[in-house]
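Engineer: Please work out how this folds:
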Amino acid sequence: MDRESHYPPGCSTKALLFLFGATLAFSTPAAGQPPAAGESDQAAREIVQRADEIRFPVQGFQVDVRIRNFDGKEADEARDYRVLSKGNDNTIVMTLAPAAERGQILLMKGRDLWLFLPEVSQPVRLSLAQRLTGMVANGDIARANFAGDYAARMTGTEKIGDQPCYVLELTAIDRSVTYQRVKYWVRQSTYFPVRAEFYSLSDRLVKTASYENPRQLAGRLRPARLVMVDALRPDSRSEMDYDDMKLRELPDKVFTKEYLKKLQ
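Structural biologist: The predicted structure follows:
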């Protein structure tokens, strides 16, 4: 039997290998070489995954977060949190300040989120989309897994300042995620996240965000500040500053109700 008899007529082995190689070449864009708009959802997913890995480590880690809310030039009292996270699906957010809220803990497992209060025996179920403070939703601090929560599609390229960026459309895989739609700009040369627009279930623009202050955190250059601005009131914004990020071994037992009692 001819070795090529099961291929389409006129298609040689060399031709098939060439076509297969070309398909692989276009499946993931090299930095600075964007595919055409809508050409490859797989390429878009890869870009979002790489940007996720820049924002936060894939391994278990700990980071301190300070949130300041501004109304015009005036800032309210800073709010401090310590975040423990493992594998995008397990997160603990401990409130450190203000003192009146110290001891409150958010526990996220998958897309399920609970609030544990020191004086209440039973946890309170929350949604990722609920507001934590200012322009910051629970999901903004507890879960930042764009690659796992959204279907990504390339819509084109655009310059932010003098930097060419991929422009991606992220659509929520279900209603449990923080936002129903995200427009996302990622730098072509490095996959560094640049800005985002967040939309509600009714497709209303809720807020915009910019990823700023690149610093070495946990061994990699990452955005150390996330600035979120109200779409209707541009003078109203929240700034999330990340500091003292370190990799940590976090066993699964850490992310349980029983273990949280030791943290409160």
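
Engineer: quick one: the most centrally placed residue in the chain from residue 103, how far?
Structural biologist: Centroid-nearest residue in the chain, with Cα atoms, centre = their mean: residue 144, separated by 3.2 Å. As judged by Cβ to Cβ, to the nearest Å, residue 144 and residue 103 stand 24 Å apart. Heads up, the C-betas are built off the backbone N, CA and C, glycines and all.

Engineer: rewinding a little: surely the residue nearest to the centre of the chain meets residue 55?
Structural biologist: Yes - using Cβ atoms under 8 Å, residue 144 is in contact with residue 55, at 6.1 Å.

Engineer: so what's residue 89 closest to, chain neighbours aside?
Structural biologist: Nearest residue to residue 89, sequence neighbours excluded (Cβ to Cβ, 6 or more residues apart in numbering): residue 110, at 5.3 Å.

Engineer: Next: residue 117.
Structural biologist: Nearest residue to residue 117, sequence neighbours excluded (Cβ to Cβ, 6+ apart): residue 104, at 5.8 Å.

Engineer: and what of residue 126?
Structural biologist: Nearest one to residue 126, counting by Cβ to Cβ, 6+ apart, is residue 113 at 4.8 Å.

Engineer: and if you look at residue 237?
Structural biologist: Here the residue nearest residue 237, using Cβ to Cβ, 6+ apart, is residue 229, at 4.5 Å.

Engineer: Which of the residues in the helix or strand harbouring the one you found are classified as buried?
Structural biologist: Counting by DSSP states H and E, the element that carries residue 229 is strand 220-230. For strand 220-230, a neighbour-count test (16 or more other Cβ atoms under 10 Å) marks 222-230 as buried.

Engineer: what do you get for stretch 101-116?
Structural biologist: Buried-residue list, stretch 101-116, by 16+ other Cβ under 10 Å: 104-108, 111, 113-116.

Engineer: any chance you could read off phi and psi for the nearest residue to residue 178 once chain neighbours are set aside?
Structural biologist: Distances taken as Cβ to Cβ, 6+ apart place residue 139 nearest to residue 178, at 3.0 Å, with adjacent residues excluded. Per-residue torsions, residue 139: phi -70, psi -20 (degrees, to the nearest 10).

Engineer: wait, residue 139 sits on residue 128?
Structural biologist: Yes - with contact defined as Cβ under 8 Å, residue 139 counts as touching residue 128 (3.3 Å).

Engineer: Who has more neighbours out of these two?
Structural biologist: residue 139 (24 against 21; other Cβ atoms under 10 Å).

Engineer: Which pLDDT value does the model give the more buried one?
Structural biologist: What the model reports for residue 139 is a pLDDT of 95.

Engineer: how close does it get to residue 49?
Structural biologist: Relative to residue 49, and taking Cβ to Cβ, residue 139 is found at 18 Å.

Engineer: now the helices: where do they sit in the stretch 1-150 of the chain?
Structural biologist: Secondary structure of the stretch 1-150 of the chain, counting by DSSP state H, counting those that start in this stretch: helices at 13-27, 41-55, 138-142, 146-149.

Engineer: picking that back up, which of the buried residues of stretch 101-116 scores worst on pLDDT?
Structural biologist: residue 111 (90).

Engineer: wait, what's in contact with it?
Structural biologist: 128, 143, 149, 176-177 (Cβ atoms under 8 Å, 6 or more residues apart in numbering).

Engineer: which of these count as buried?
Structural biologist: Buried among those by 16+ other Cβ under 10 Å: 128, 143, 149, 177.

Engineer: Identify the bridge partners of residue 193.
Structural biologist: Per DSSP bridges, the residues bridged to residue 193 are residue 186.

Engineer: Run a quick check on it versus residue 53, I expect a contact.
Structural biologist: No - Residue 193 is beyond contact range of residue 53, at 10.5 Å (criterion: Cβ under 8 Å).

Engineer: thinking again about what came up before, just confirm the residue nearest to residue 117 contacts residue 95, I think it does.
Structural biologist: Yes - using Cβ under 8 Å, residue 104 is in contact with residue 95, at 4.3 Å.
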